[in-house]
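Trainee: Let's see this in three dimensions:
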Amino acid sequence: MSSLSAPPRPAMCPRQASSSSFAEAFDDARRKLDELGVREPGKEEEEEETPSPALSSSSSATDESAPSLVDTESPISPPTPIGAPTTPAAVDPDVVDNFAFAFDIDGVLIRGGQPIPEAIEAMKVLNGENEWGIKVPYIFLTNGGGKSEAERCRDLSQQLQIEVSPGQFICGHTPMRELADRYHTVLVVGGEGEKCREVAESYGFRDVITPGDILKANAATAPFRKLTPDEHANSRDLLARGNGSGRLSDVVIEAVFVFADSRDWASDLQIILDVAQSRGGRLETRSATFDEGPPIYFSHNDVVWSTAHQHARLGMGALRRAVETVFEATTGGRGVLRTHAFGKPQVSTFEFAARLLREWRATRHRQQRHGLPPTTTPTAAAAADAAADVPPATVYFVGDTPESDVRGANAMDAVAPNEWYSILVQTGVYQAGTEPRDKPRAVVGTVLDAVRHGLRREMEKLALARKPVADGHMPAPVEVRCDPLVEV
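Mentor: The predicted structure follows:
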């Protein structure tokens with residue numbers, strides 16, 4: 001196993017690069033860096049440091065209780081080869097510990113259900129097909145949802161031609177599982193058919209109601225929405241619940257969860273507003289003060305997202321704003337609406353991802369690649385566990401949306417003990433030539449360019465750390481300045 005041990009991260013830049021060994025495979029790293037044209041320290045004037053901008057709290061919250069990116073009162077804070085083609089190393093590539101990658105999916109790896117060509121090559125590079133013969137840990141962090149994590153992983157495995165484990169994957173509604181014990185009867189909105197209900201029940205939610213159930217009980221709820229025969233058959237009979245009173249007002253919704261994008265905005269918006277304006281969540285009731293409705297949780301806050309269309313399409317964040325705007329209009333601004341968003345850019349979601357990455361590095365890259373099964377010797381196991389408990393010095397987060405991917409990675413970078421380095425690609429929402437409000441550390445063309453950029457940056461750190469001083473001794477940890485905005 002190979003690692004670069006990093007000292008504790010200082011509160012502000014500059015950050016430190018360690019001088020401990022990366023792997024025997026890196027003995028010729030400086031020669032390879034010369035071939036890549038990496039700048040020697042001291043040969044050019046050092047570039048000015050550009051700190052990440054300050055980040056504001058999440059927008060469009062109707063009440064003051066909606067969490068900011070780093071709000072501790074948030075509803076949940078979940079405890080082609082590089083350069084010229086080369087022949088991969090004949091030996092099993094080493095797994096690095098000092099850095100890792102995290103990827104958004106839509107607009108970065110996939111677009112319109114099809115893989116972006118460079119994405120397949122980027123995964124090959126991270127899985128060892130590079131001139132250094134290293135494997136780099138990586139995870140996926142997407143705001144998308146509507147399916148179980150296992151199903152999403154099967155889809156992604158087929159699209160990227162690799163094996164993707166649920167242990168590498170977080171979707172927008174994954175953190176919602178930790179609220180299953182808090183609420184009993186919940187309304188779950190979005191997605192295809194019964195999939196979101198099934199996901200919610202797999203999370204442990206005990207009584208899951210869908211808009212289809214409500215429409216089956218009272219078709220007048222949304223007069224222009226007619227259930228198909230299959231939808232009617234799959235929807236549950238709310239009128240036969242409990243004491244069989246036949247009254248929807250006996251059904252009390254304790255929370256609303258928007259798991260995935262709505263397939264029918266008009267009816268879903270109507271039903272969400274009905275619950276928000278109800279007396280304590282009782283269906284078909286109306287509060288006199290409009291401040292009794294249950295909380296509404298959205299799995300993410302992206303206003304737009306990347307699809308097969310040439311322009312970005314409306315996403316869940318747009319529905320959230322519609323709910324908030326229409327609630328205010330229909331209550332005359334007198335009510336209280338409690339909406340919360342998970343997903344990116346919330347720091348709690350990135351903290352969740354950091355824990356997932358730690359567990360993935362420990363259980364997969366230690367045991368699978370280096371022969372440390374659960375029955376290994378206590379000394380070896382302890383050493384592996386200790387290494388896995390140390391977060392990678394740098395996590396490269398690659399996304400296509402400045403307002404969620406870049407903002408979230410920058411916010412995480414501001415509070416995390418390690419570096420979160422934001423890279424913006426031009427294959428999704430962000431378009432070249434525009435000026436993103438949330439500034440990434442680097443702007444590149446594709447995800448393959450992002451992987452190349454991260455690896456080259458790590459090799460430059462390594463070269464600086466391993467450069468001998470005049471007396472032949474290795475230097476102390478070398479200061480590596482934070483990169484300015486890089487156009488690659």
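
Trainee: the bottom helix or strand of this protein by mean pLDDT?
Mentor: Ranked by mean pLDDT, DSSP states H and E, the helix or strand of the chain with the weakest confidence is strand 478-480, at a mean of 38.

Trainee: quick check: domain ranges of the protein?
Mentor: 99-172+345-466, 174-341 (the TED database).

Trainee: Tell me which of those domains is the most buried.
Mentor: domain 99-172+345-466 (a mean of 20; mean count of other Cβ atoms under 10 Å). Every C-beta, even on glycine, is put in place using the N, C-alpha and C of the backbone.

Trainee: before we move on, back to that, mind putting the domains of the chain into a markdown table with mean pLDDT?
Mentor: Shown next, in a markdown table, are the domains of the chain (pLDDT from 0 to 100):
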| stretch | mean pLDDT |
| --- | --- |
| domain 99-172+345-466 | 89 |
| domain 174-341 | 94 |
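
Trainee: Give me the residue at the spatial middle of the protein.
Mentor: Leu141 (2.8 Å; Cα atoms, centre = their mean).

Trainee: who's in contact with it?
Mentor: Ala102, Phe103, Asp104, Ile170, Lys344, Thr349, Phe350, Ala353, Phe397 (Cβ atoms under 8 Å, 6 or more residues apart in numbering).

Trainee: in which helix or strand would I find Ala414?
Mentor: For Ala414, the host element (DSSP states H and E) is helix 407-415.

Trainee: no no, Glu458
Mentor: helix 447-466.

Trainee: next one: Tyr297
Mentor: Under the criterion of DSSP H and E, Tyr297 resides in strand 296-298.

Trainee: so what strands line up beside that strand?
Mentor: Applying DSSP bridges, strand 296-298 is found paired with strand 255-258 (parallel), strand 339-341 (parallel).

Trainee: Can you show me the strands along the stretch 51-200 of the chain?
Mentor: 94-95, 99-103, 110-111, 114-115, 134-135, 138-141, 169-170, 185-189 (DSSP state E, counting those that start in this stretch).

Trainee: Kindly reformat these as TSV containing distance to Ser157.
Mentor: Shown next, in TSV, are the strands of the stretch 51-200 of the chain (distance: least, Cβ to Cβ, whole Å):
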stretch	distance to Ser157
strand 94-95	20
strand 99-103	14
strand 110-111	12
strand 114-115	11
strand 134-135	17
strand 138-141	11
strand 169-170	10
strand 185-189	26
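
Trainee: between these, which gets nearest to Asp302?
Mentor: Each of these has some distance to Asp302 by Cβ to Cβ; the shortest is strand 138-141, at 12.8 Å.

Trainee: so what's the residue lying closest to Leu448 once chain neighbours are set aside up against?
Mentor: Spatial nearest neighbour of Leu448, chain neighbours left out: Glu118 (3.7 Å); criterion: Cβ to Cβ, 6 or more residues apart in numbering. Going by Cβ under 8 Å, 6+ apart, Glu118 touches Thr427, Thr446, Val447, Leu448, Asp449.

Trainee: If we use 7 Å, what do you get?
Mentor: Contacts for Glu118 were tallied using Cβ atoms under 7 Å, 6 or more residues apart in numbering; they are Thr446, Val447, Leu448.

Trainee: could you measure Arg241 against Ile209, distance?
Mentor: Between Arg241 and Ile209 the computed distance is 10 Å (Cβ to Cβ, to the nearest Å).

Trainee: Same question for Glu359.
Mentor: For Glu359 relative to Ile209 (Cβ to Cβ), the value is 33 Å.

Trainee: May I have the phi/psi pair for Leu239?
Mentor: phi -70, psi -10 (degrees, to the nearest 10).

Trainee: Just to check, His453 is in contact with Val444?
Mentor: Yes: contact criterion Cβ atoms under 7 Å: His453 and Val444 qualify, at 5.8 Å.

Trainee: In three-state terms, label Asp274 for me.
Mentor: Classification of Asp274 by DSSP: H, G, I helix; E, B strand; the rest coil places it in helix.

Trainee: angle of the helix or strand where Ser202 lies against strand 185-189?
Mentor: Counting by DSSP H and E, the element that carries Ser202 is helix 195-203. Angle of helix 195-203 versus strand 185-189, following axes from the mean of the first three to the mean of the last three Cα atoms, to 10 degrees, is 140 degrees.

Trainee: could you point out which element follows helix 195-203?
Mentor: Next in sequence after helix 195-203, counting helices and strands by DSSP H and E, comes strand 207-209.

Trainee: Mind listing residues that contact that next one?
Mentor: In contact with strand 207-209 (Cβ under 7 Å, 6+ apart) are residues His184, Thr185, Val186, Leu187, Val188, Arg197, Ala200, Glu201, Leu238, Ile253.

Trainee: wouldn't the second one be in contact with Val252 here?
Mentor: Yes: applying Cβ under 7 Å as the test, Thr185 and Val252 come out as touching, 6.1 Å apart.

Trainee: I'd say Val108 and Phe397 touch.
Mentor: No: if you go by Cβ under 7 Å, Val108 and Phe397 don't touch, sitting 10.2 Å apart.

Trainee: Please, where are all the helices along the stretch 351-488 of the chain?
Mentor: Here the stretch 351-488 of the chain has its helices, by DSSP state H, counting those that start in this stretch, at 367-370, 378-389, 407-415, 447-466.

Trainee: Strand 99-103 and the third one, what's the angle between them?
Mentor: Per the same axes, to 10 degrees, the angle that helix 407-415 makes with strand 99-103 is 150 degrees.

Trainee: next one: helix 407-415 to chain centre, how far?
Mentor: Taking Cα atoms, centre = their mean, to the nearest Å, one finds helix 407-415 lying 12 Å from the centre of the chain it belongs to.

Trainee: For it, name the packing helices and strands.
Mentor: Packed against helix 407-415 by the contact rule (3 or more Cβ pairs under 7 Å, 6 or more residues apart in numbering; DSSP states H and E) you find helix 347-360, strand 419-424.

Trainee: now the longest one and strand 99-103, what's the angle there?
Mentor: This means helix 347-360. 130 degrees.

Trainee: Please tell me how far helix 347-360 is from the chain's geometric centre.
Mentor: 9 Å.

Trainee: For that helix, name the packing helices and strands.
Mentor: strand 99-103, strand 138-141, strand 169-170, helix 407-415.

Trainee: go on, the last one?
Mentor: Using 3+ Cβ pairs under 7 Å, 6+ apart as the contact criterion, the elements in contact with strand 419-424 are strand 394-399, helix 407-415.

Trainee: and if we set it to 8 Å?
Mentor: Packing partners of strand 419-424 (3 or more Cβ pairs under 8 Å, 6 or more residues apart in numbering; DSSP states H and E): strand 394-399, helix 407-415, strand 442-443, helix 447-466.

Trainee: Now the first one - C-alpha only, PDB.
Mentor: In this case it means strand 394-399. Extracted as PDB, the C-alpha positions of strand 394-399 are listed here (Å, rounded to 0.1, in the frame of the first residue of the first chain):
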ATOM      1  CA  THR A 394      -6.800  16.100  -1.500                       C
ATOM      2  CA  VAL A 395     -10.200  15.100  -2.900                       C
ATOM      3  CA  TYR A 396     -10.700  16.300  -6.500                       C
ATOM      4  CA  PHE A 397     -14.400  17.000  -7.000                       C
ATOM      5  CA  VAL A 398     -15.500  17.100 -10.700                       C
ATOM      6  CA  GLY A 399     -18.800  18.700 -11.600                       C
END
